[in-house]
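K.L.:
starting from these lines, generate the structure:
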Amino acid sequence: MNKFIPIVSLCVFATLGFSACDTPGHSALAGAATGGAIVGILTGRPRLALAGAAVGAGTGYLIGKQVQADRRAAYDQGYYDGHYADDGSGYPMGRFTDRPGIVTSPYPPYNQIDVREIPRGAKVQDPSTGKIFINP
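P.N.:
Numbers count the residues shown, from 1 in each chain. Next comes the predicted model:
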């Protein structure tokens, strides 16, 4: 039994490498393959390889569900709609242009705004829409 604990731990950590899989099903499959391969290589016993695959599949499924929940929360918060500030303010970031000190507003009609006198990370108001964004 003591030999089985490090093997299971190795399966869990190897499965974490597959956390970028798209769905819980994909990550469970990746976890099963990883768990079975690791245990099979380390022990050479098919029954333990099957147990490693089961542990890997379960771990992969749980990791996939967590990744899925994190992505859903990011979509709900609008993270993928534009570039949002990391300061938790919820304001989108302006976008750099090829001209220093000029940024593009994240709001339609996407005006170019002079921010040379405004520090980075400060709130800027788009004069045409009145909406706030963060100076990149």
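
K.L.:
if you average pLDDT over the helix or strand harbouring residue 50, what comes out?
P.N.:
Element membership for residue 50 (DSSP states H and E) is helix 46-76. The pLDDT scores in helix 46-76 average 73.

K.L.:
list the buried residues for it?
P.N.:
Neighbour counts over helix 46-76 (16 or more other Cβ atoms under 10 Å) mark 48-49, 51-64, 67 as buried. C-beta here means a position set from N, CA and C on the backbone, and glycine is covered the same way.

K.L.:
which stretches in the chain count as strands?
P.N.:
Per DSSP state E, the chain carries strands over the ranges 95-96, 102-104, 112-114, 123-125, 132-134.

K.L.:
can you tell me which of those comes nearest to residue 30?
P.N.:
strand 95-96 (35.8 Å; Cβ to Cβ).

K.L.:
which secondary structure elements does that closest one contact?
P.N.:
Based on contacts counted as 3 or more Cβ pairs under 8 Å, 6 or more residues apart in numbering; DSSP states H and E, the elements that strand 95-96 packs against are strand 102-104.

K.L.:
give the buried residues for the strand it packs on.
P.N.:
Here strand 102-104 shows 103-104 as buried, counting by 16+ other Cβ under 10 Å.

K.L.:
tell me which strands and helices that strand is in contact with?
P.N.:
Checking 3+ Cβ pairs under 8 Å, 6+ apart, strand 102-104 ends up next to strand 95-96, strand 112-114.

K.L.:
so where's the protein shaky on pLDDT?
P.N.:
1-24, 26, 73-89 (pLDDT under 70).

K.L.:
can you pull the domain assignment for it?
P.N.:
4-76, 83-136 (automatic domain parsing).

K.L.:
with respect to burial, which of those domains scores highest?
P.N.:
domain 4-76 (a mean of 18; mean count of other Cβ atoms under 10 Å).

K.L.:
measure residue 61 to residue 28 for me?
P.N.:
4 Å (Cβ to Cβ, to the nearest Å).

K.L.:
should've said residue 127
P.N.:
52 Å.
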